[in-house]
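Participant: mind folding the following:
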Amino acid sequence: MDVYIGFDISLQTTHVCVVDNEGKTAREGIAASELDALATWLRTHGKDWTLKRIVFETGQLSTHLYHGLKAAGFPVVCIDARHAHGTLKAQRVKTDKNDARGLAQLARTGWYKAVHVKSDECQALRTLVAGRKQLVNTRLDIENHIRGTLKAFGIKLGTVTTTELCAKVKAAIAREDNLVKSTILSLLKARDGLVAQEKTLDRQCTAIARQDTVCKRLMTVPGVGVITALAFKAEIDDPARFKKSRDVGVHVGLTPRKYASGEIDRNGGISKCGNTALRSLLFEASVTMLTRSKKWSRLKAWGVKLAQRNGFKAAATAVARKLAVVMHRMWIDETNFAYGDAPAAQAA
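Facilitator: Residues are numbered from 1 along each chain as shown. Now for the predicted structure:
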């Protein structure tokens with residue numbers, strides 16, 4: 001008997017629903033959300049089945065379970081949780097059991113959009129970049145807290161570099177109350193530990209990027225550094241999954257939203273879908289290209305003209321989208337960034 005299975009995965013348990021070709025429920029059950037437990041359940045109950053497809057949504061455990069079940073020989077498909085929600089919300093009663101039934105029906109009808117599940121290598125890269133970002137954000141939170149606290153005592157730190165902050169704060173609180181001094185020193189000690197770990201991850205990022213052919217190629221783009229190159233590679237993973245390079249701009253949320261219904265047809269701001277961190281890095285790279293890069297390029301010239309017409313922020317966003325497209329094409333074609341030939345007047 002041909003069957004289709006839906007998994008509704010939570011942190012501790014997974015609800016399983018099995019349906020046949022006609023959509024009738026063949027079996028239901030619950031298993032632990034562990035790779036061995038799910039594989040055992042499938043092998044135990046599926047001796048007389050011809051398993052066509054297993055469908056589950058994106059989530060915290062989806063990457064681990066997808067790769068594990070696929071390696072075990074099961075035909076698994078991971079689908080976008082937002083698309084699944086659009087179908088499952090039609091149910092009158094929202095339960096894990098009913099969600100598994102709905103996912104099983106999606107598996108049977110094929111009415112879903114499969115998502116790309118990142119490889120273990122790119123998942124590790126993403127962990128590295130995200131971990132570094134978390135350290136930076138936590139450090140900045142502590143520094144801002146110190147600044148805000150000292151203002152209550154009339155101490156204004158002003159502009160200070162990361163390396164000079166600790167010495168300047170210690171000098172500023174030398175005459176303060178012992179309680180204030182001990183509190184600030186504890187915060188500085190925690191902040192210094194974050195700085196040390198941040199530098200450790202920075203060295204790891206640099207070492208990986210220098211040895212990676214793709215990252216070295218991406219870093220030939222003006223404004224694209226180690227972190228942006230690693231984040232781009234971790235997000236894209238397999239460049240062949242995009243049929244057209246311009247689809248990458250859509251994937252990272254740098255294309256306009258659109259709403260059209262009846263007589264209404266309007267465009268909004270960028271969609272902001274996909275990886276927020278990568279989108280921010282691409283925007284920063286575009287700003288660097290437009291404001292700090294000295295060498296002429298066709299992309300920069302296009303962005304400068306757009307800024308004169310539509311404003312700098314809109315131009316920087318448009319250049320960020322172009323960067324995503326260009327970087328994908330460079331990866332596919334195995335070429336470095338092409339600056340192009342400057343006009344004669346600018347070249348002179």
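Participant: any idea which helix or strand comes after the longest helix seen in the chain?
Facilitator: Using DSSP state H, we find that the single longest helix of the chain is helix 178-211. With elements assigned by DSSP states H and E, the helix or strand that comes after helix 178-211 is helix 213-218.
Participant: so for that next one, mean pLDDT?
Facilitator: Regarding helix 213-218, the rounded mean pLDDT is 97.
Participant: contact partners of that helix?
Facilitator: Contacting residues not belonging to helix 213-218 are listed as 208-210, 224, 226, 228-230, 232-233, 327, 330-331, 334-336 [CB atoms under 8 Å, 6 or more residues apart in numbering]. For glycine as for every other residue, the C-beta is placed from the backbone atoms N, C-alpha and C.
Participant: what's the closest of the residues you listed to residue 180?
Facilitator: Nearest to residue 180 among the contacts of helix 213-218: residue 226, at 38.9 Å, using CB to CB.
Participant: quick check: that closest one touching residue 203?
Facilitator: No: here residue 226 does not reach residue 203: they are 10.3 Å apart, not a contact under CB atoms under 8 Å.
Participant: ok now the longest helix of the chain, how far from the chain's centre?
Facilitator: In terms of CA atoms, centre = their mean, to the nearest Å, the centre of helix 178-211 is set 24 Å apart from its chain centre.
Participant: do the same with stretch 71-78
Facilitator: Relative to the chain's own centre, stretch 71-78 is displaced by 24 Å; criterion: CA atoms, centre = their mean.
Participant: also stretch 263-282?
Facilitator: The answer for stretch 263-282 is 14 Å, by CA atoms, centre = their mean.
Participant: residue nearest the centroid of this structure?
Facilitator: Nearest to the mean C-alpha position of the chain, by CA atoms, centre = their mean, lies residue 275 at 3.2 Å.
Participant: how much space separates it from residue 47?
Facilitator: 42 Å (CB to CB, to the nearest Å).
Participant: quick revisit: tell me who's in contact with the residue nearest to the centre of the chain.
Facilitator: Counting by CB under 8 Å, 6+ apart, residue 275 touches 231, 235, 252, 253.
Participant: how about 10 Å then?
Facilitator: When contacts are counted by CB atoms under 10 Å, 6 or more residues apart in numbering, residue 275 touches 126, 130, 231, 232, 234, 235, 236, 251, 252, 253, 281, 282.
Participant: and if you look at residue 85?
Facilitator: So residue 85 contacts 57, 99 (CB under 10 Å, 6+ apart).
Participant: cool, residue 283 as well?
Facilitator: 254, 270, 313, 316, 317, 319, 320, 321, 323.
Participant: what do you get if the cut-off is 8 Å, keeping everything else the same?
Facilitator: Residue 283 neighbours (CB under 8 Å, 6+ apart): 316, 317, 320.
Participant: element containing it?
Facilitator: Per DSSP H and E: helix 276-291 holds residue 283.
Participant: in that helix, which residues are buried?
Facilitator: For helix 276-291, a neighbour-count test (16 or more other CB atoms under 10 Å) marks 277-279, 281-290 as buried.
Participant: let me know the next secondary structure element after it.
Facilitator: helix 298-310.
Participant: for that following helix, list every residue counted as buried.
Facilitator: Neighbour counts over helix 298-310 (16+ other CB under 10 Å) mark 299, 300, 303, 304, 306, 307 as buried.
Participant: and those residues as TSV, adding pLDDT and distance to residue 217?
Facilitator: Output for the buried residues of helix 298-310, formatted as TSV (pLDDT from 0 to 100; distance: CB to CB, whole Å):
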residue	pLDDT	distance to residue 217
299	96	16
300	96	19
303	97	21
304	96	25
306	96	26
307	97	27
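Participant: all the strands of the stretch 51-200 of the chain, residue numbers only.
Facilitator: Under the criterion DSSP state E, counting those that start in this stretch, the stretch 51-200 of the chain contains strands at 76-79.
Participant: and the helices in it?
Facilitator: 62-71, 81-88, 96-109, 120-151, 165-172, 178-211 (DSSP state H, counting those that start in this stretch).
Participant: tell me what angle the fourth one forms with helix 165-172.
Facilitator: Spelled out, that is helix 120-151. In terms of direction (axes from the mean of the first three to the mean of the last three CA atoms, to 10 degrees), helix 120-151 departs from helix 165-172 by 20 degrees.
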